[in-house]
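no sequence for this one, just the structure:
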């Protein structure tokens, strides 16, 4: 099918225009972060449920490695804060 890509782009464009027309008022009534929170929450629930059903051993592996995962997240957060604080010369004392 040589025109499959063009057909998929057309379907995507039409589906997004239908979404914008019919759900535009819904998205305007709610705060942007509420919509993001809802989308990521549902994604987390769906993917966690799928993993629990299809590969429960992966959840056990994740639970066994929870300490390094949390430590890595805290370290990354600390590095991001450090980078942003150092980007401001008034806060870092690099005047």
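Perfect, I can see it now. All values derive from a computational prediction rather than experimental measurement.

Give me the phi and psi angles of residue 65.
phi -100, psi 20 (degrees, to the nearest 10).

Which pLDDT value goes with residue 44?
You'll see residue 44 listed with a pLDDT of 91.

Can you give me the neighbour number for it?
10 (other Cβ atoms under 10 Å). All C-beta spots, glycine's among them, are computed from the backbone N, C-alpha and C.

which element follows the helix or strand it falls within toward the C-terminus?
Assigned by DSSP states H and E, residue 44 belongs to helix 32-54. Later in the chain than helix 32-54, the nearest helix or strand by DSSP H and E is helix 56-64.

Would you pull up how far stretch 11-22 lies from the middle of the chain?
Relative to its parent chain, stretch 11-22 has a centroid offset of 22 Å by Cα atoms, centre = their mean, to the nearest Å.

for this structure, what's the longest helix?
The longest helix of the chain (DSSP state H) is helix 4-29.

the inter-axis angle of that one versus helix 32-54?
For helix 4-29 against helix 32-54, the angle by axes from the mean of the first three to the mean of the last three Cα atoms, to 10 degrees is 120 degrees.

Show me the contact partners of the helix holding residue 44.
Under the contact criterion Cβ atoms under 8 Å, 6 or more residues apart in numbering, helix 32-54 has outside partners 27, 58-59.

Where in this protein is the helix or strand with the lowest mean pLDDT?
Least confident helix or strand of the chain, by mean pLDDT, DSSP states H and E, is helix 89-92 with a mean of 54.
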